[in-house]
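Chemist: kindly return the folded structure for what I paste below:
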Amino acid sequence: MSDTPSVENLHAVRAAIGRAASDSDRDPASVTLIAVSKTFPAEAIEPVLAAGQRVFGENYVQEAKAKWPALKERYPDAEVHLIGPLQSNKAREAVALFDMIHTLDRPSLAEALAKEIRKAGRAPRLLVQVNTGEEPQKGGVMPAEADAFLAACRDAYGLTVEGLMCIPPSQDPPSPHFGLLNTIARRNGLSTLSMGMSADFDAAIQMGATHVRVGSAIFGGR
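Modeler: Residues are numbered from 1 along each chain as shown. Model prediction:
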């Protein structure tokens, strides 16, 4: 039986991640591939799960809720990461559903997540999104405010933040943005860097990414 295009693409992306890591004298195992399955139905995700991929990214709580509980019954070790913006009123569902939330970016959301984590007794891993390009239409804390926000997450809200996430402006060379994120993370003793997508994950790996978010290069165009 031949592989589906998405499974062939998955193998190619994994190989490219391995090469990019080796070129940067990094262990390929230090880079986690997040297969971005947003907008794709469960039947499109299943072959990629069957091929051994275990970490997936979704943008919306409702969409993830519609397809992942059933998939997780069949693949209980699958992880689902929220990589899209999170409304504070969806914090309860997000805490119940996701293994990692990449888009913590404001005090009201920190407060909502802290409350739901206490209630649920379940804590998804948390990343703070940094708006490295200071784009008004994008979520994320401004780089100059990142240190203070990280301290508030820890001291005021009792949250454990594991790392940072960014989405560079599409018109900019990405490496300076990845470098800035790495600098903020190191300064704050954070080990996880979610950065790099289909078009630029090799540059992100070179700049220290621990998680790359790849959708179209695996699943095709939406």
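Chemist: low pLDDT regions in this protein?
Modeler: 1-2 (pLDDT under 70).
Chemist: just checking, what's the longest helix in it?
Modeler: When the chain is parsed with DSSP state H, its longest helix is helix 5-23.
Chemist: would you put the C-alpha positions of that one in CSV?
Modeler: Presented in CSV, the C-alpha positions along helix 5-23 are these (Å, rounded to 0.1, in the frame of the first residue of the first chain):
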residue,chain,number,x,y,z
PRO,A,5,0.6,12.4,-0.1
SER,A,6,0.3,13.8,3.5
VAL,A,7,2.4,10.9,4.8
GLU,A,8,5.0,11.3,2.1
ASN,A,9,5.1,15.0,2.9
LEU,A,10,5.5,14.1,6.6
HIS,A,11,8.5,12.0,5.9
ALA,A,12,10.0,14.7,3.7
VAL,A,13,9.5,17.4,6.4
ARG,A,14,11.0,15.1,9.1
ALA,A,15,14.0,14.6,6.9
ALA,A,16,14.4,18.4,6.3
ILE,A,17,14.1,19.0,10.0
GLY,A,18,16.9,16.4,10.6
ARG,A,19,19.1,18.1,8.0
ALA,A,20,18.5,21.6,9.4
ALA,A,21,19.3,20.3,13.0
SER,A,22,22.4,18.5,11.9
ASP,A,23,23.6,21.6,10.0
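Chemist: against which helices or strands is that helix packed?
Modeler: Contacts defined by 3 or more Cβ pairs under 8 Å, 6 or more residues apart in numbering; DSSP states H and E place helix 5-23 against strand 32-36, helix 42-50, helix 201-206, helix 216-219. Placement of C-beta: from N, CA and C, glycine included.
Chemist: do that again at 10 Å, thanks
Modeler: Helix 5-23 sits against strand 32-36, helix 42-50, helix 201-206, strand 211-214, helix 216-219, with contacts defined as 3 or more Cβ pairs under 10 Å, 6 or more residues apart in numbering; DSSP states H and E.
Chemist: give me the angle between the second one and strand 32-36.
Modeler: Calculated by axes from the mean of the first three to the mean of the last three Cα atoms, to 10 degrees, helix 42-50 forms an angle of 160 degrees with strand 32-36.
Chemist: quick one: helix 42-50 to helix 5-23, angle?
Modeler: Going by the same axes, to 10 degrees, helix 42-50 makes 40 degrees with helix 5-23.
Chemist: neighbouring strands - and their directions - for the helix or strand just after helix 42-50?
Modeler: Following helix 42-50 in sequence order, the next helix or strand is strand 55-58 (DSSP states H and E). Next to strand 55-58 in the sheet, as set by DSSP bridges, lie strand 32-36 (parallel), strand 79-82 (parallel).
Chemist: quick revisit: reformat the helices and strands packed on helix 5-23 as JSON lines; add mean neighbour count and distance to residue 4.
Modeler: Compiled in JSON lines, the helices and strands packed on helix 5-23 are given as follows (neighbours: other Cβ atoms under 10 Å; distance: least, Cβ to Cβ, whole Å):
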{"stretch": "strand 32-36", "mean neighbour count": "23", "distance to residue 4": "13"}
{"stretch": "helix 42-50", "mean neighbour count": "16", "distance to residue 4": "5"}
{"stretch": "helix 201-206", "mean neighbour count": "22", "distance to residue 4": "22"}
{"stretch": "strand 211-214", "mean neighbour count": "24", "distance to residue 4": "16"}
{"stretch": "helix 216-219", "mean neighbour count": "19", "distance to residue 4": "10"}
